[in-house]
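S.K.: need coordinates for the below:
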Amino acid sequence: MKKNFLFLTASLLALGFASQASAADLRTPVYSKAPPMVAAIYDWSGLYIGLNGGGGSSHTDWNGSAHSTGGTIGGQVGYRWQAANWVFGLEAQGNWADFGKSGAWNHVDGFGLFTGQVGYAWNNVLWYAKGGAAVVDNSWNWGQANSQDNTKWGGTIGTGLEIGFAPNWSVGVEYNHVFLGDQDVGNRRNNVNQDIDMGLVRLNYKFGGPVVARYWYKASSLKR
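M.R.: Numbers count the residues shown, from 1 in each chain. Next up, the predicted model:
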């Protein structure tokens with residue numbers, strides 16, 4: 001009887017250990033790395049075209065200072081390259097302008113900007129600085145017998161903030177300063193110094209995909 005009891009006890013213990021080993025083998029494995037997650041980030045690279053509009057003021061200095069203010073509207077075309085968070089670009093912009101009242105001694109009729117850009121992007125938000133060449137179409141009027149139209153080249157610097165708000169679309173604000181230096185105008189060859197300041201609102205459409213995929217693993221991975 002005692003031997004039978006010991007044999008039964010040993011059999012039950014062996015069965016228990018076997019059950020635990022089987023359960024361990026059937027346990028769901030836990031992987032050390034989680035599946036990669038995907039996040040969409042805005043890509044500023046590519047060709048773009050757009051419209052702009054705003055206001056500006058022409059400051060002239062000849063026998064006293066004068067200011068000619070008004071509105072402007074135009075368009076731009078450019079190309080950008082993005083490397084990590086840095087964005088580089090080239091842009092050409094042409095605008096019709098109406099800075100100055102009719103008959104004023106200085107009236108800005110239009111301008112063009114040809115600039116390079118360097119910027120920094122936070123996903124779909126881009127800040128940039130720009131600089132390059134500028135050309136301005138002026139009308140000068142000292143009376144019907146003494147008026148002149150001229151085109152003057154100079155330089156420009158500026159800065160802007162642009163936000164991608166929809167696939168391929170972005171909107172932004174921009175400030176530009178144009179410095180033309182001295183120029184001889186009028187029958188008397190008057191030496192006039194001219195600078196222009198303007199603020200613009202811009203709308204751009206970029207060709208190509210607006211986002212790229214970025215993969216990463218979860219920071220807290222579980223060990224097997």
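S.K.: would you map the helices across this structure?
M.R.: 2-26 (DSSP state H).
S.K.: so in it, where's the weakest helix or strand by average pLDDT?
M.R.: Taking mean pLDDT, DSSP states H and E as the measure, the helix or strand of the chain with the lowest value is strand 211-216, at a mean of 46.
S.K.: show me the contacts for the closest residue to His59 other than its chain neighbours.
M.R.: For His59, ignoring the flanking residues on the chain, the nearest one in space by CB to CB, 6 or more residues apart in numbering is Asp195 at 4.8 Å. To be clear about C-beta, it is placed using only N, CA and C from the backbone, and glycine gets the same treatment. The contact partners of Asp195, taken as CB atoms under 8 Å, 6 or more residues apart in numbering, are 58-59, 177-180.
S.K.: tell me the one of the residues you listed nearest Gly75?
M.R.: Nearest to Gly75 among these is Val178, at 17.5 Å by CB to CB.
S.K.: what separates the closest one from Lys130, distance-wise?
M.R.: 12 Å (CB to CB, to the nearest Å).
S.K.: what do the two both touch?
M.R.: Thr156.
S.K.: who does the closest residue to Gly56 other than its chain neighbours bridge with?
M.R.: Counting by CB to CB, 6+ apart, Met198 is the residue found nearest to Gly56 once chain neighbours are left out, at 3.1 Å. Met198 forms beta bridges with Gly56, Asn176, as assigned by DSSP bridges.
S.K.: so who does Met198 touch?
M.R.: 54-57, 72, 175-176, 178.
S.K.: tell me the contacts of Lys206?
M.R.: 44, 46-48, 168-170.
S.K.: could you do Ser68 as well?
M.R.: So Ser68 contacts 57-58, 60, 99-101, 104, 106-108 (CB under 8 Å, 6+ apart).
S.K.: so which of the residues you listed wins on neighbours?
M.R.: Within the contacts of Ser68, most neighbours by other CB atoms under 10 Å means Val108, with 28 neighbours.
S.K.: for beta bridges, what are the partners of that residue?
M.R.: Phe99, Asn138.
S.K.: per-residue pLDDT, the closest residue to Gly50 other than its chain neighbours?
M.R.: Residue nearest to Gly50 in three dimensions, not counting chain neighbours: Asn204, with 3.6 Å by CB to CB, 6+ apart. If you check Asn204, the pLDDT there is 98.
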